[in-house]
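1. Predicted structure and sequence below. I'll ask about it afterward.
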Amino acid sequence: MTAPLVSILDDEPAIRSMLSEALADAGFRTSAFARAAEFEAALKRARPDVCLVDLGLPDRDGLSLVHRLALEQGAVVIIISGRAQVQDRVTGLELGADDYIIKPFDPTEVVARIRARLRAPRRETQRGNTARFAGWTAHFDRYALEDAGGVETPFSHAEGEVLRLFLDAPKRLITRAQMQESLGGAAGESFDRAMDVRISRLRQKLREDPRNPRLIKTIYGAGYIFLGDVEWG
């Protein structure tokens, strides 16, 4: 089995070297880039399993790159940044990042976060990559929702993790604590805000009435319940 590929985008040579060494020691394949242009060119040749992205890039806005990666690549996207404000973390997660690590960091923490994030794809292989519910088909292999007429709407890897969590446990209460345990990331304001945004976006893509959603129901003070019948294929 081929080891997961981790792409590192950071303009600091010491950080690229430190991460490459730690990840190689942990059994990952790596590729490292100092500029967004080089990184994006490499994406055309090989799709990484995980992207580590610094926000302070010399040739590109890191946040816009994170958003595009989340929607188009289907890779786990982890921001590594010196921006430590809560709003920066929230913005990064809202744009589709799966996790946010603040500099300075311990490389063993990065390895642990990556392994935690890759647990979800391992579950996908056990359940399949396609789920049908309420006239919709979720394609987790290409990160798209297909309606009854065949029209597809893309979703990010982060949105897909939340959707899979619901589809794996239909008609059962999922608490915030269970979401945090399953999806990883530090509990707190940034995690709660990111979950709110991802669930809101999933509802929009499922064309739910925000005032009375029929599939993803909020149980105030408790969590969420997915009300549809789900068939995996």
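-> Arrived safely, thanks for sending.

2. if you go through the protein in chain order, where are the strands?
-> Assigned by DSSP state E, the chain shows strands spanning 5-9, 29-33, 50-53, 76-81, 99-102, 130-133, 136-139, 144-146, 152-154, 174-175, 216-219, 223-226, 231-232.

3. Starting from the last one, tell me which strands it pairs with and how they run.
-> When pairing is defined by DSSP bridges, strand 231-232 lines up against strand 130-133 (antiparallel).

4. Quick check: buried residues in the partner strand?
-> Buried residues in strand 130-133, defined by neighbour count with 16 or more other Cβ atoms under 10 Å: 131-133. For the C-beta atoms, the positions are set from N, CA and C on the backbone; glycine is no exception.

5. For residue 105, state which of these is nearest.
-> residue 131 (35.3 Å; Cβ to Cβ).

6. which residues does the closest one bridge with?
-> Those that pair with residue 131 in a beta bridge, by DSSP bridges, are residue 138, residue 232.

7. ok, and what's touching the longest helix seen in the chain?
-> If you go by DSSP state H, the chain has its longest helix at helix 189-205. Helix 189-205 has contacts (Cβ atoms under 8 Å, 6 or more residues apart in numbering) with 86, 89-90, 93-94, 100, 145, 153, 155, 158-159, 162-163, 176, 179-180, 185, 210, 213, 215-216, 224.

8. if we can go back for a sec, need the buried residues of strand 130-133 in a markdown table with distance to residue 38, can you?
-> Rendered in a markdown table, the data for the buried residues of strand 130-133 read as follows (distance: Cβ to Cβ, whole Å):
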| residue | distance to residue 38 |
| --- | --- |
| 131 | 37 |
| 132 | 40 |
| 133 | 41 |
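
9. Go through those and name the one nearest residue 80.
-> Closest approach to residue 80 among the buried residues of strand 130-133 (Cβ to Cβ): residue 131, at 32.0 Å.

10. For the chain, name the helix or strand with the lowest mean pLDDT.
-> Counting by mean pLDDT, DSSP states H and E, the chain has its least confident helix or strand at helix 119-127, which shows a mean of 49.

11. how about the longest helix of the chain: buried residues?
-> In helix 189-205, counting by 16+ other Cβ under 10 Å, buried: 190-191, 193-195, 197-199, 201-203, 205.

12. Alpha carbons only: can I get it in CSV?
-> Written as CSV, here are the backbone C-alpha positions of helix 189-205 (Å, rounded to 0.1, in the frame of the first residue of the first chain):
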residue,chain,number,x,y,z
GLU,A,189,-15.2,28.7,19.8
SER,A,190,-13.3,28.2,16.5
PHE,A,191,-14.4,24.5,16.3
ASP,A,192,-18.1,25.3,17.1
ARG,A,193,-18.1,28.2,14.6
ALA,A,194,-16.6,26.0,11.9
MET,A,195,-19.2,23.3,12.5
ASP,A,196,-22.0,25.8,12.3
VAL,A,197,-20.7,27.1,9.0
ARG,A,198,-20.1,23.6,7.5
ILE,A,199,-23.6,22.5,8.5
SER,A,200,-25.1,25.7,7.1
ARG,A,201,-23.3,25.1,3.8
LEU,A,202,-24.4,21.5,3.6
ARG,A,203,-28.0,22.6,4.1
GLN,A,204,-27.7,25.2,1.3
LYS,A,205,-26.3,22.6,-1.0
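
13. How far away from the center of its chain is it?
-> 12 Å (Cα atoms, centre = their mean, to the nearest Å).

14. now, which of the buried residues of helix 189-205 sits nearest residue 168?
-> Of the buried residues of helix 189-205, the one sitting nearest to residue 168 (Cβ to Cβ) turns out to be residue 202, at 14.4 Å.
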